[in-house]
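Undergrad: my questions are about this predicted structure, shown below with the sequence.
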Amino acid sequence: MIPLSCPLIGRREKELVSLTVETNRLTFGPMNLSFEAALSTYLKGKPVVATSSGTAALHLVLAALGIGPGDEVLVPALTYVATANAVRYVGATPVLVDVDPKTWTMSFEKAQARLSRRTKAAIPVHLYGVPCDMRLLAGLGVPLIEDAAEGFGGTYGGKPLGTLGVAGTLSFYGNKIVTTGEGGAVVSSGGEFSLRMRHLRGQAMTSRRYFHDEVGFNFRMTEMQAALGIGQMSHIDAMMLARESVILQYYERLHRRLDVDFQGMPAGSGNSAAPWLFTMLVDNREGLMKYLEIADIETRPTFVPLHHMPMYHGHDSAFPEATRIGARGISLPTFAGMKPSQVSEVCDRVIEWLDSQKERVSRAS
């Protein structure tokens with residue numbers, strides 16, 4: 001069986017988690033502070049606030065910015081549902097925007113057309129690790145909250161993804177490049193904004209114990225999660241290189257196929273995708289997934305476009321690119337411990353299936 005994703009947990013992670021359990025300090029404490037510091041160092045010194053999940057991180061940023069009922073927030077129509085849900089959590093309205101056909105990320109032109117006097121922010125998503133064109137999106141004139149849940153390790157203009165907007169959010173879910181099982185973080189410019197998020201994260205408790213001056217949240221990360229994260233950060237460069245090698249092998253084997261489309265990068269130097277999940281577009285996506293399943297290769301479809309869901313219902317004609325990508329996208333196994341022979345096996349089976357489809361069409365004609 002070749003899984004879609006498999007975390008690379010080393011000896012250091014196990015030692016730190018065991019140490020945390022032995023100390024009996026399980027809730028927010030020194031491991032969290034050390035994990036935040038490790039992330040901050042990796043992100044060129046940007047302040048980091050650890051959270052219980054990437055979704056919580058988005059929720060926390062929106063709340064700290066004071067976005068609420070009557071406000072609108074631009075959200076790409078093709079993203080994980082948490083991006084839009086977080087906007088609803090604060091009582092604001094997510095306004096769906098179609099995506100760029102090349103990068104699959106928020107289209108500047110479509111976003112510009114959706115601006116209104118109630119627009120208070122936009123949440124560009126670095127989908128499947130590919131950076132949004134942040135320079136273009138800055139022209140919208142509203143605060144940009146980067147959803148970098150899939151973009152940790154990527155860059156735009158030489159700067160780490162997650163550090164380019166008013167805030168950036170990260171996810172450390174089990175299939176991410178760095179994992180804490182569940183967990184997330186907010187990256188910000190620091191100052192009062194970071195202090196406010198720390199305040200809200202811990203139920204808005206003041207220096208007077210158990211006195212809370214407003215409605216806050218329990219968005220803290222546990223010490224065990226943070227310990228796992230510290231261990232992960234200790235070999236992040238090696239994990240990145242291993243994943244980049246996997247993705248490069250996929251491209252080398254599959255990029256010449258005329259019946260496969262790939263996600264592109266925004267133009268400009270200093271842009272690099274995070275090596276999260278290798279994702280491509282094919283016709284008859286379900287057929288390929290079934291074929292690979294029979295061969296014991298796990299895959300997954302691209303996210304279902306938000307406008308196909310009952311709580312965000314919209315028409316395909318308004319979001320043609322999100323509809324097209326959502327119907328044809330497939331992610332192939334991508335993880336740091338993946339062997340070259342496993343990548344080769346996946347490629348062989350994909351090419352085998354594509355050739356069989358071509359032969360079927362030829363016979364039918």
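TA: That came through, no problem.
Undergrad: only C-alpha atoms from now on, for both contacts and neighbour counts.
TA: Noted.
Undergrad: in this structure, which spans are strands?
TA: 48-51, 72-76, 93-97, 119-122, 145-147, 155-156, 159-160, 167-171, 184-188, 260-262, 279-282, 300-301, 329-331 (DSSP state E).
Undergrad: and the last one, how far out from the chain's middle?
TA: Yep, that's strand 329-331 we're talking about. In terms of C-alpha atoms, centre = their mean, to the nearest Å, the centre of strand 329-331 is set 15 Å apart from its chain centre.
Undergrad: and it, average pLDDT?
TA: Averaged over strand 329-331, pLDDT sits at 98.
Undergrad: who's in contact with it?
TA: The contact list for strand 329-331, computed with C-alpha atoms under 8 Å, 6 or more residues apart in numbering, reads 4, 277-282, 285, 289, 299-302.
Undergrad: buried ones among those residues?
TA: Neighbour-count burial (16 or more other C-alpha atoms under 10 Å) applied to the contacts of strand 329-331 gives L4, L277, F278, T279, M280, L281, V282, R285, M289, T299, P301, T302.
Undergrad: just checking, the fourth one touches F262?
TA: Yes. Assessed by C-alpha atoms under 8 Å, T279 is found in contact with F262 at 7.2 Å.
Undergrad: which residues of the stretch 51-200 of the chain score low on pLDDT?
TA: Along the stretch 51-200 of the chain, no part satisfies pLDDT under 70.
Undergrad: so which bits of stretch 76-85 are buried?
TA: So stretch 76-85, judged by 16+ other C-alpha under 10 Å, has buried residues P76, A77, L78, T79, Y80, V81, T83, A84, N85.
Undergrad: quick one: distance of that stretch to the chain centre.
TA: Worked out by C-alpha atoms, centre = their mean, stretch 76-85 lies 10 Å from the chain centre.
Undergrad: do the same with stretch 87-102
TA: Counting by C-alpha atoms, centre = their mean, stretch 87-102 comes out at 15 Å from the chain centroid.
Undergrad: got the CA coordinates for stretch 154-172 in CSV?
TA: C-alpha atoms of stretch 154-172 as CSV (Å, rounded to 0.1, in the frame of the first residue of the first chain):
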residue,chain,number,x,y,z
GLY,A,154,7.0,28.1,0.0
THR,A,155,8.1,31.6,-0.9
TYR,A,156,6.8,34.6,-2.8
GLY,A,157,9.3,37.3,-3.9
GLY,A,158,11.9,35.6,-1.7
LYS,A,159,9.7,35.9,1.4
PRO,A,160,8.2,32.9,3.3
LEU,A,161,4.5,32.3,2.6
GLY,A,162,2.5,33.4,5.6
THR,A,163,4.6,36.5,6.2
LEU,A,164,3.2,38.7,3.4
GLY,A,165,-0.2,39.9,4.6
VAL,A,166,-1.5,41.5,7.7
ALA,A,167,-1.4,38.0,9.1
GLY,A,168,-0.8,34.5,7.9
THR,A,169,-2.2,31.2,9.2
LEU,A,170,-0.6,27.8,9.2
SER,A,171,-1.8,24.2,9.7
PHE,A,172,0.0,21.3,11.3
